[in-house]
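[1] Sequence plus the predicted model coming up.
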Amino acid sequence: MSSAGRENLMPESILRTEELGYSVGDKVIVDAVSLTVAQGEVLCVLGPSGSGKSSFLRLLNRLAEPTSGMVYLEGKDYRELAPRELRRRVGMITQQAFLFPGRVAENVRFGPRQRGQEITDDAVEECLRGVGLSGYGSRQGSTLSGGEAQRVSIARALANEPVVLLADEPTSALDDFSKSGIEALLREIVKARQLTCVMVTHDVAQARRMADRVALFRGGRVVGLGTLAEVLDEPAS
């Protein structure tokens, strides 16, 4: 079945881009990207360094501002949302887990607190249990390993109850053991919560383990979209 035919059979898209672009001066970073991501789907964004992968991801929650095109979240123009509300609904995990100074529990509480909501100790513990860190609330973020810190950053994003989770090379700074654990955790969370996930990676093997579909970027454009086998087997146009 063609990629277009398969998309017609997929659930309604949660995230959709139309001719999305981003330029700095005369340099085009992201060039007219149109794609959809369905509820519960993991889309991995592959491509060489400098191909626009991370810039594309940042456009999806307005950490970078598009210079052309549109993004729709659950069918609505995402510019209708205040940036803080957009970033609550479209959470992000970065390559390096940047934790705020202080206890793990305060990191988990950060997002809800920004919108005037104080979550209970039990709710914090539930978030931490969900990422395999039960009992870690009182620990200082500075004492955690890289893998533990990344799990806290995932818990912090999930405390905001997002509908989309963006992940920018979330395991590239980790050792192999921690990488495997974070991959398994993300798969489990996406499946259990039916989250839509867009994940940037340079690792084809990781995309094979994680992705329902992949988008192959080159020169800021999508040159392949489909299953990993389809994208790697199809010559770029």
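    Arrived safely.
[2] List of residues touching stretch 23-33?
    The list of residues contacting stretch 23-33 from outside it, by Cβ atoms under 8 Å, 6 or more residues apart in numbering, reads 17, 19-22, 52, 55-56, 59, 66-69, 219-222. In short, each C-beta sits where N, CA and C put it, glycine included.
[3] ugh, wrong one, I meant stretch 49-59
    Where contact means Cβ under 8 Å, 6+ apart, the residues beyond stretch 49-59 that reach it are 17, 20, 22, 29-31, 33, 45-47, 64-66, 71, 92, 166, 168-169, 198, 200, 202, 217-221.
[4] got the buried residues for it?
    Within stretch 49-59, the residues that qualify as buried by neighbour count (16 or more other Cβ atoms under 10 Å) are 51-59.
[5] What would that stretch look like as PDB? C-alpha coordinates only.
    The C-alpha coordinates for stretch 49-59 follow below in PDB (Å, rounded to 0.1, in the frame of the first residue of the first chain):
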ATOM      1  CA  SER A  49      23.700  16.700  10.700                       C
ATOM      2  CA  GLY A  50      22.500  20.000   9.500                       C
ATOM      3  CA  SER A  51      19.500  18.600   7.600                       C
ATOM      4  CA  GLY A  52      17.000  20.600   9.700                       C
ATOM      5  CA  LYS A  53      15.700  17.800  12.000                       C
ATOM      6  CA  SER A  54      16.000  19.600  15.300                       C
ATOM      7  CA  SER A  55      14.900  23.000  13.900                       C
ATOM      8  CA  PHE A  56      11.800  21.300  12.600                       C
ATOM      9  CA  LEU A  57      11.100  19.800  16.000                       C
ATOM     10  CA  ARG A  58      11.400  23.300  17.700                       C
ATOM     11  CA  LEU A  59       8.900  24.700  15.200                       C
END
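[6] so how far is it off the chain centroid?
    Taking Cα atoms, centre = their mean, to the nearest Å, one finds the center of stretch 49-59 at 12 Å from the center of the full chain.
[7] same check, this time on stretch 182-202
    Here stretch 182-202 shows a centroid-to-chain-centroid distance of 8 Å under the convention Cα atoms, centre = their mean.
[8] Which members of the buried residues of stretch 49-59 are positioned in helices?
    When helices are assigned by DSSP state H, the members of the buried residues of stretch 49-59 inside them are 53-59.
[9] For the residue nearest in space to the middle of the chain, list the residues it contacts.
    Closest to where the C-alpha atoms of the chain average out (Cα atoms, centre = their mean) is L166, at 1.2 Å. For L166, the contacting residues are 57, 60-61, 90-93, 197-199, taking Cβ under 8 Å, 6+ apart as the criterion.
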